[in-house]
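Colleague: A predicted structure for the sequence below; I have some questions about it.
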Amino acid sequence: MAGTATVAAVSTRPHTKSAVLIICVATLLSISVWFSASFVIKGISAQWQVPDSQLFWVTFGVQAGFILGAIASALLRLPDRLSARVLYSSCAAGAATANLLLLMFPTFEAALALRLATGVFLAGIYPVAVRETLAWVSPGRRGFASSTLLAALTIGSAAPHLINGVGSADWRVVIIATSICSVVGGLMFLLVPGTAPYRDTGTRVSLRQGLAVLRNRKVLLVNLAYFSHMWELYAMWTFVGALFAHRISGGAAPTGLVAVASFIIIASGALGCIAAGLLADRFGKIIISQMFMLLSGAAATLVAISATWGPAVLLSLCILWGMTVIGESALLSALLRDHCPEAHVGSALSVQMAGGYAISAGSIALFPLLAGALSWELAVLALVLGPVVGITLLQLLKSGPRPQRGNRTESATSGKFASCP
């Protein structure tokens, strides 16, 4: 049995780099529909009779849809019943269709329903990409592979800003372009070569198991630290463009300038992802996660108090924030694998992902309320609570015995959803 696995690994090794590259590029393209409407919401909402304070529901809907999709996928065991290629490409086409229908039904109510549907389909894209990436790389390379995939997700999430800033200010062009990207990404995923050498077919996702594992103190601490990270991440991605525009000209800055600046801010997180993966392999996942949280919290605090420091300083601080806000995502998922019983890894990571996106939906809803009722500065400072709480929880995680890794098998590090942003 072991000999067969070894032969399979050796025989498919030449395809590993090309497979991981295809998966990452496909993910970058397909994930572009995530913020396709959120980043051009001013253009879409011009015909709505809806106050600006309610527009956050468009992004909230995607987060909610992703949660529902992740839970439904686990309950129906779709990753076990369908091939990764079929599941990914089908969901990429579905997300593109839901995104494109915004052109035909540009009402507020229809937009909410279609963004919810987009989120459901996205739950069949990124988690599948994670599983396939880890199935193609050996355990010793999974940290860097997960970080690289996360970097692709980061750039893909920022892509609508780039299309809006460089391609066209018309929101319809952004919707069409991201829909095409999603379809192309789904087709590209079909090109992943051969059979992955490290695929784990012996475990199944169970939400009941995932929740039961939370009784483990270290698993609970890791999950709470991940939730704290997600409190900050998606709210920052959603509103940093509006924050930048508000600061430099009271919201009257040129659309193209703000869009390009927003793309640079968010996409810079790709560098943070790769740096975190490399540093964690050398210095440890906990300390590097804490370092990125500290830097992210510090950058957010400086952004909050930099109202009079000028556009160049603000942009630099926002780029620092963008680079550090995402870096610890893959590390926190890896920490969960370290402390979770190997038979329950996939289930525990599914619960971590669903809980994280639920928390992100909450902060996305709260941010505009705080900005409107109080100030943008206090809304940003509210996000700093995430890194502060996360650092504290990871410090608690350091106490107690280290996980025993000697008897962990290959399946211990190859859960269904092994890395989540």
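Modeller: Received, thanks. Numbers count the residues shown, from 1 in each chain.
Colleague: who's in contact with the closest residue to residue 369 other than its chain neighbours?
Modeller: Once flanking residues are discounted, residue 369 sits nearest to residue 53: 7.1 Å by Cβ to Cβ, 6 or more residues apart in numbering. C-beta: built from backbone N, CA, C; applies to glycine. Shown in contact with residue 53 (Cβ atoms under 8 Å, 6 or more residues apart in numbering): 368-369, 372.
Colleague: of these, select the buried ones using a PyMOL command.
Modeller: Here is the PyMOL command that selects the buried residues among the contacts of residue 53 (16 or more other Cβ atoms under 10 Å):
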select buried, resi 368
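Colleague: in the stretch 301-421 of the chain, where is pLDDT below threshold?
Modeller: Applying pLDDT under 70 to the stretch 301-421 of the chain picks out residues 342-346, 400-421.
Colleague: if you set the cut-off to 80 instead, what comes out?
Modeller: Along the stretch 301-421 of the chain, segments meeting pLDDT under 80 span 307-308, 334, 337-350, 399-421.
Colleague: ok, the stretch 151-300 of the chain next?
Modeller: 167-169, 194-216, 248-256.
Colleague: what comes up buried for the helix or strand that contains residue 354?
Modeller: Assigned by DSSP states H and E, residue 354 belongs to helix 345-373. For helix 345-373, the neighbour count (16+ other Cβ under 10 Å) marks 345-357, 359-364, 366-368, 370-371 as buried.
Colleague: what about the helices in the stretch 151-300 of the chain?
Modeller: 171-189, 207-212, 217-249, 255-267, 269-283, 285-305 (DSSP state H, counting those that start in this stretch).
Colleague: give me the angle between the helix holding residue 354 and helix 217-249.
Modeller: Put simply, helix 345-373 runs at 30 degrees to helix 217-249, going by axes from the mean of the first three to the mean of the last three Cα atoms, to 10 degrees.
Colleague: quick one: distance of helix 345-373 to the chain centre.
Modeller: Relative to its chain's centre, helix 345-373 lies at 11 Å (Cα atoms, centre = their mean, to the nearest Å).
Colleague: next: stretch 258-272.
Modeller: 14 Å.
Colleague: buried stuff in it?
Modeller: Neighbour counts over stretch 258-272 (16+ other Cβ under 10 Å) mark 258-272 as buried.
Colleague: hmm, residue 60 is touching residue 367, no?
Modeller: No: using Cβ atoms under 8 Å, residue 60 makes no contact with residue 367, being 10.7 Å away.
Colleague: report pLDDT for residue 147.
Modeller: The score at residue 147 is 86. That number is its pLDDT.
Colleague: so how many other residues sit close to it?
Modeller: Neighbours of residue 147 under the rule other Cβ atoms under 10 Å: 27.
Colleague: average pLDDT for stretch 66-75?
Modeller: 87.
Colleague: picking that back up, by contact count, what packs against the helix holding residue 354?
Modeller: helix 56-76, helix 207-212, helix 217-249, helix 329-339, helix 376-398 (3 or more Cβ pairs under 8 Å, 6 or more residues apart in numbering; DSSP states H and E).
Colleague: again, 10 Å this time
Modeller: Counting contacts by 3 or more Cβ pairs under 10 Å, 6 or more residues apart in numbering; DSSP states H and E, helix 345-373 packs against helix 56-76, helix 78-81, helix 126-136, helix 207-212, helix 217-249, helix 329-339, helix 376-398.
Colleague: so which of these gets nearest residue 105?
Modeller: Residue 105 lies closest to helix 56-76 among the helices and strands packed on helix 345-373, at 13.4 Å (Cβ to Cβ).
Colleague: and the nearest residue to residue 361 once chain neighbours are set aside, how far is that from residue 208?
Modeller: Counting by Cβ to Cβ, 6+ apart, residue 63 is the residue found nearest to residue 361 once chain neighbours are left out, at 3.9 Å. Going from residue 63 to residue 208 by Cβ to Cβ, to the nearest Å gives 24 Å.
Colleague: next one: residue 381
Modeller: With the distance defined as Cβ to Cβ, residue 381 ends up 38 Å from residue 208.
Colleague: looking at these two, which is more packed in?
Modeller: residue 381 (18 against 10).
Colleague: quick check: closest non-adjacent residue to the more buried one.
Modeller: Using Cβ to Cβ, 6+ apart, the closest residue to residue 381 is residue 304 (5.0 Å).
Colleague: what about residue 284, distance to residue 268?
Modeller: Counting by Cβ to Cβ, the gap from residue 284 to residue 268 is 24 Å.
Colleague: go on, residue 158?
Modeller: For residue 158, the distance to residue 268 equals 9 Å [Cβ to Cβ].
Colleague: can you work out which residues contact both of the two?
Modeller: Listed as contacting both residue 158 and residue 268 by Cβ atoms under 10 Å, 6 or more residues apart in numbering are residue 322.
Colleague: in contact with the residue nearest to residue 34 when sequence neighbours are not counted, which residues?
Modeller: What sits nearest to residue 34 in space, not counting adjacent residues and going by Cβ to Cβ, 6+ apart, is residue 157, at 5.4 Å. Residues counted as contacts of residue 157 (Cβ under 10 Å, 6+ apart) are 28, 31-36, 38-39, 234, 237, 263, 266-267, 269, 326, 421.
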